[in-house]
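Visitor: The following block contains a protein sequence and its predicted model.
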Amino acid sequence: MDGKKAIEIELTTTKKEKPDFSNLSFGKVFTDHMLMMDYKDGEGWHTPKILPYQPISLDPSSVVFHYGQTVFEGLKAYRTKEGKILLFRPERNFRRLNQSNDRLCIPHVDEELVLEGLKQLVWIDREWIPDVEGTSLYIRPFIISTQPYLGVSASTQYKFMIIMSPVGAYYKEGIAPVKIAVEEEFARTVKGGTGTAKTGGNYAASLKAQEVANEKGYSQVLWLDGKEKKYIEEVGSMNIFFKINGEVVTPELSGSILEGITRSSILELLKHWNVPVSERRISMDEVYAAYKDGQLEEVFGTGTAAVISPVGELFWHGEKIVINNGETGKLSQQLYDTLTGIQNGTVEDPFNWVTEVKEN
Ligand code: COI
């Protein structure tokens, strides 16, 4: 780090009690510290600081409350059997954060500085990284617009924060297959919208559809393109892959889906294994035809929170499309084992994806 923006550190005097690491849910408890940095037009991003985890005070007229100008990221830290601390492709998250910033008119952060701040924060709260299989420390960097102003324009003030939470599986099913309803009424976004950015509004827009799906016994919805409701996009909490007659297909980055970091890692892994793979437009009609022909072999989602999540059933046009007898497919399991193995240091990392966090 150069000295120009050294990160101030204020340690807590009252450490919190840690949860039972063998019984963790997702995103409900938070570590002892957080990172915060402010922005003001004319001053830029300034005073990065690690401080005790605490509520923040904001003016009720802050732009974020009214117009949702906000972005976020999600990544994880893992503890290896030898006690090393690993991050998975963290530089990608901060690159994507700045891409989301572009879309939401938020000033870029210094990617090197925030990565350095993240490493220091993880090191300080390292006792919170769980060591039980299937667990990790979920890291949530985010930015909110804080200018007190009710006019619709880009804020002149922001807060960047990083908070962290020890987590288990994202879905209540754990790594067992999830059931997903194909969304036929609502749309998440359209090309030219904010679908490629990681911004709160995309997730707010998904809640109604998810609530309806939950009532019918489905965990999530699979979004189709907003225009024709024909082509498959993503699940919202994860990107989606189909194995059809030996080939793995995932929707291309069409301008309305999120460019998942797990998605691109899985594509690289499959290519490395010489598994036929393509990123292209894929319709629900095609998936249904493959199912009817007995060629729909596996379906799985990918995401930081979801990791690799096998899909056991899709519900579409009133019909249940059961995949691989509702069981985890062989390839989905191999991908899960390899990816989590690289992440937690039990499988060799030929791609240089992991970064070790050490004392500064
Ligand atoms: C992640 O996978 O990190 C996400 O941000 C998805 C979120 C819905 C938990």
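Guide: That came in fine, so what should we check first? Only a predicted model underlies this, so the values are computations on that prediction, with no experimental measurement involved.

Visitor: Kindly report the residues of this structure close to the ligand.
Guide: 74, 237, 303-305 (CB under 6 Å from any ligand atom). To be clear about C-beta, it is placed using only N, CA and C from the backbone, and glycine gets the same treatment.

Visitor: Could you chop this structure up by domain?
Guide: 3-167, 178-344 (automatic domain parsing).

Visitor: And the residues of the chain next to the ligand, which is closest to the ligand?
Guide: The ligand lies nearest to G74 out of those, by CB to the nearest ligand atom, at 2.1 Å.

Visitor: Test my guess that Q157 contacts D41.
Guide: Yes. Using CB atoms under 8 Å, Q157 is in contact with D41, at 7.4 Å.

Visitor: So which of these two has more stuff around it?
Guide: With neighbours defined as other CB atoms under 10 Å, Q157 and D41 compare such that Q157 has more, 18 against 12.

Visitor: From the residues of the chain next to the ligand, which land in strands?
Guide: Among the residues of the chain next to the ligand, the ones falling in strands (DSSP state E) are G303.

Visitor: Include distance to L150 when you put the residues of the chain next to the ligand into CSV, please.
Guide: CSV is the format used below for these (distance: CB to CB, whole Å):
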residue, distance to L150
G74, 30
S237, 32
G303, 35
T304, 35
A305, 34
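
Visitor: Tabulate the residues of the chain next to the ligand in a markdown table, adding columns for neighbour count.
Guide: Output for those, formatted as a markdown table (neighbours: other CB atoms under 10 Å):
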| residue | neighbour count |
| --- | --- |
| G74 | 18 |
| S237 | 20 |
| G303 | 22 |
| T304 | 21 |
| A305 | 20 |
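
Visitor: quick one: E313 from the ligand, how far?
Guide: Counting by CB to the nearest ligand atom, to the nearest Å, the gap between E313 and the ligand amounts to 21 Å.

Visitor: quick one: pLDDT of that residue?
Guide: Reading off the per-residue confidence, E313 sits at a pLDDT of 98.

Visitor: again, but for V299
Guide: V299 carries a pLDDT value of 98.

Visitor: just checking, it touches N239?
Guide: No. Taking contacts as CB under 8 Å, V299 lies outside contact range of N239: 11.8 Å.

Visitor: element containing A181?
Guide: strand 178-182 (DSSP states H and E).

Visitor: Partner strands of that strand, with direction?
Guide: strand 220-222 (parallel), strand 307-316 (parallel) (DSSP bridges).

Visitor: quick one: buried residues of whichever helix or strand comes after it?
Guide: Scanning forward in sequence from strand 178-182 by DSSP H and E, the next helix or strand is helix 200-204. Applying a neighbour-count criterion of 16 or more other CB atoms under 10 Å, the buried positions in helix 200-204 are 200-202.

Visitor: could you dump helix 200-204 to CSV, C-alpha only?
Guide: Output in CSV follows, covering the C-alpha atoms of helix 200-204 (Å, rounded to 0.1, in the frame of the first residue of the first chain):
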residue,chain,number,x,y,z
GLY,A,200,-30.5,-3.6,-5.0
GLY,A,201,-33.3,-2.8,-7.4
ASN,A,202,-32.9,-6.0,-9.4
TYR,A,203,-33.4,-8.0,-6.2
ALA,A,204,-36.3,-5.9,-5.1
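
Visitor: circling back: return the most buried member of the strands paired with strand 178-182.
Guide: Compared across the strands paired with strand 178-182, strand 220-222 shows the largest average neighbour count, a mean of 25 (mean count of other CB atoms under 10 Å).

Visitor: Let's test this: mean pLDDT of stretch 225-232, rounded?
Guide: 96.

Visitor: Off-centre distance for it?
Guide: Offset of stretch 225-232 from its chain centre (CA atoms, centre = their mean, to the nearest Å): 23 Å.

Visitor: Pipe the buried residues of helix 200-204 into JSON lines and attach pLDDT per row.
Guide: Output for those, formatted as JSON lines (pLDDT from 0 to 100):
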{"residue": "G200", "pLDDT": "97"}
{"residue": "G201", "pLDDT": "96"}
{"residue": "N202", "pLDDT": "96"}
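
Visitor: and G217, what does it touch?
Guide: G217 sits next to K179 when contact means CB atoms under 8 Å, 6 or more residues apart in numbering.

Visitor: Then G345?
Guide: Here G345 is in contact with 78, 80-82, 84, 86, 354 (CB under 8 Å, 6+ apart).

Visitor: quick check, nearest of the residues you listed to the ligand?
Guide: Closest approach to the ligand among those (CB to the nearest ligand atom): Y78, at 14.3 Å.

Visitor: what pairs with the closest one across the strands?
Guide: L86.

Visitor: hang on, isn't it packed against D131?
Guide: No. Here Y78 does not reach D131: they are 9.0 Å apart, not a contact under CB under 8 Å.

Visitor: okay, the two: which has more neighbours?
Guide: Neighbour totals were compared for Y78 and D131, and Y78 leads with 22 against 14 (other CB under 10 Å).

Visitor: Please, where are all the helices along the stretch 51-200 of the chain?
Guide: 63-67, 90-104, 111-124, 200-204 (DSSP state H, counting those that start in this stretch).

Visitor: Of these, which is nearest E327?
Guide: Distance to E327, taken as CB to CB, is lowest for helix 200-204 among the helices of the stretch 51-200 of the chain, at 29.7 Å.

Visitor: So what's the gap between whatever helix or strand comes next after that closest one and the chain middle?
Guide: The helix or strand immediately downstream of helix 200-204 is helix 207-215, counting by DSSP H and E. Mean C-alpha position of helix 207-215 versus that of the full chain (CA atoms, centre = their mean) differs by 20 Å.

Visitor: Noted, bye for now.
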